[in-house]
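# sequence plus the predicted model coming up.
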Amino acid sequence: MQADSEPVIISDGTALEDFDVRPYFDGAGAVLAGTANVIMQLALAPVGYGVIESKVESGQVMRHPFKRARTTFTYLSVAMLGTDEDRDAYREAVNGSHRAVRSDAAGPVKYNAFDPALQLWVAACLYYGTVDIVERLHGPLPEAQADALYRFGARFGTTLQVRPEMWPTDRAAFAAYWDETLATLSIDEPVRQYLHALMTDRHLPRLLRSPRFTAWVTTGFLPQPFRDQMGLTWSDADQRRFDTFLRRTGAVLRRLPLPLRNVPFNVLLRDMRRRRRVGRPLV
């Protein structure tokens, strides 16, 4: 990928900076697929242990589920919908939290939240999930749109420490990177227990839990290698019901005005800007 200072032209002649990502950002789809994406990210052992061993108490989802959700979805909003100024401000805020996320000498896995290689995997999962949601809800993307969304998706990583040249050059290179990394993944038992708690809503207040539905939807969004790592079963009947559910959900979403489809991303972006104006913490 070219340096950020150089203009990038996508296949239909549009400058990448003019690419409108909003039609590919369904908030409802992101909420449905969010836990599955977390499982994919944490399947890389240093990322998984970095999360479950984190000393940043305010960012622990089991203790502060709504704050953690706000922080995560705001990051996605800023990365994909925000200005360069928004991204710079949020990078600084996230970096403040990440400084404490590093392994101890005696820990089972070495990690550092500033490691761009680990951030690249997280960004790859976020991009993979974005495309997966779009195509499951609305059908396959035309090649030009798929290429444009891929190149724009580098922002999932470059908003933090991933260097632009680290993002695979095209979708074929990304597929090779994905398959190579997939072969190295391993969900250890402590991480698996943490993820099972997430996908059965144990971090939420009792009145908001829907463990059977959350577990089913999460399993549906997971590629088979991740289901295997988690010990999850999925039948042909499950797949038919899941496809029908997403097809009907997509039909409803396509009838909504774009600002409603973009909720909560657009709302959280405005909230981040308001917090910045009044001097409140961003994360």
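Thanks, I have it. Numbering: from 1, shown residues only.
# the residue sitting furthest away from the middle of the chain and residue 163, how far apart?
Within the chain, residue 106 marks the point farthest from the mean C-alpha position, 29.6 Å out by Cα atoms, centre = their mean. Note on residue 106: its distance to residue 163, by Cβ to Cβ, to the nearest Å, is 31 Å. For the C-beta atoms, the positions are set from N, CA and C on the backbone; glycine is no exception.
# if we can go back for a sec, which helix or strand contains the residue farthest from the centre of the chain?
Using DSSP states H and E, no element contains residue 106; it sits outside every helix and strand.
# could we number from 7 for the rest of this?
Fine by me, first position is 7 from now on; the one you just mentioned is residue 112.
# now do the same contact list for it.
Taking Cβ atoms under 8 Å, 6 or more residues apart in numbering, we find residue 112 in contact with no residue.
# which other helices and strands does the biggest helix by length in the chain contact?
Counting by DSSP state H, the longest helix found in the chain is helix 122-144. Judged by 3 or more Cβ pairs under 8 Å, 6 or more residues apart in numbering; DSSP states H and E, the packing partners of helix 122-144 are helix 33-48, helix 51-58, helix 149-158, helix 161-164, helix 177-188, helix 242-259.
# any idea of the angle it forms with helix 149-158?
Helix 122-144 and helix 149-158 are oriented at 150 degrees to each other (axes from the mean of the first three to the mean of the last three Cα atoms, to 10 degrees).
# and helix 122-144 with helix 51-58, angle?
Inter-element angle recorded for helix 122-144 and helix 51-58: 90 degrees (by the same axes, to 10 degrees).
# next, the buried residues of helix 122-144.
Across helix 122-144, burial judged by 16 or more other Cβ atoms under 10 Å covers 124-140, 142-144.
# ok, stretch 269-276 next?
By neighbour count on 16+ other Cβ under 10 Å, the buried set for stretch 269-276 is 270, 271, 272, 274, 275.
# quick check, nearest of those residues to residue 185?
Checking the buried residues of stretch 269-276 against residue 185 by Cβ to Cβ gives residue 271 as the nearest, at 29.5 Å.
# next up, phi/psi of the spatially closest residue to the closest one that is not a sequence neighbour, please.
Distances taken as Cβ to Cβ, 6 or more residues apart in numbering place residue 83 nearest to residue 271, at 4.3 Å, with adjacent residues excluded. Main-chain torsions, residue 83, degrees, to the nearest 10: phi -60, psi -50.
# report how many residues lie close to residue 83.
If you count neighbours by other Cβ atoms under 10 Å, residue 83 ends up with 24.
# please apply the same query to residue 178.
With other Cβ under 10 Å as criterion, residue 178 counts 9.
# with residue 109 instead?
Using other Cβ under 10 Å, the number of residues around residue 109 comes to 15.
# what about the closest residue to residue 215 other than its chain neighbours, which SS state?
Spatially, and ignoring its direct neighbours in sequence, residue 215 is nearest to residue 207 (4.0 Å; Cβ to Cβ, 6+ apart). Assigned with DSSP: H, G, I helix; E, B strand; the rest coil, residue 207 falls in the coil class.
# how close does the residue farthest from the centre of the chain get to residue 59?
Noted for residue 112: a distance of 11 Å to residue 59, by Cβ to Cβ.
# tell me which of the buried residues of stretch 269-276 fall in strands.
Assignment to strands by DSSP state E places none of the buried residues of stretch 269-276 there.
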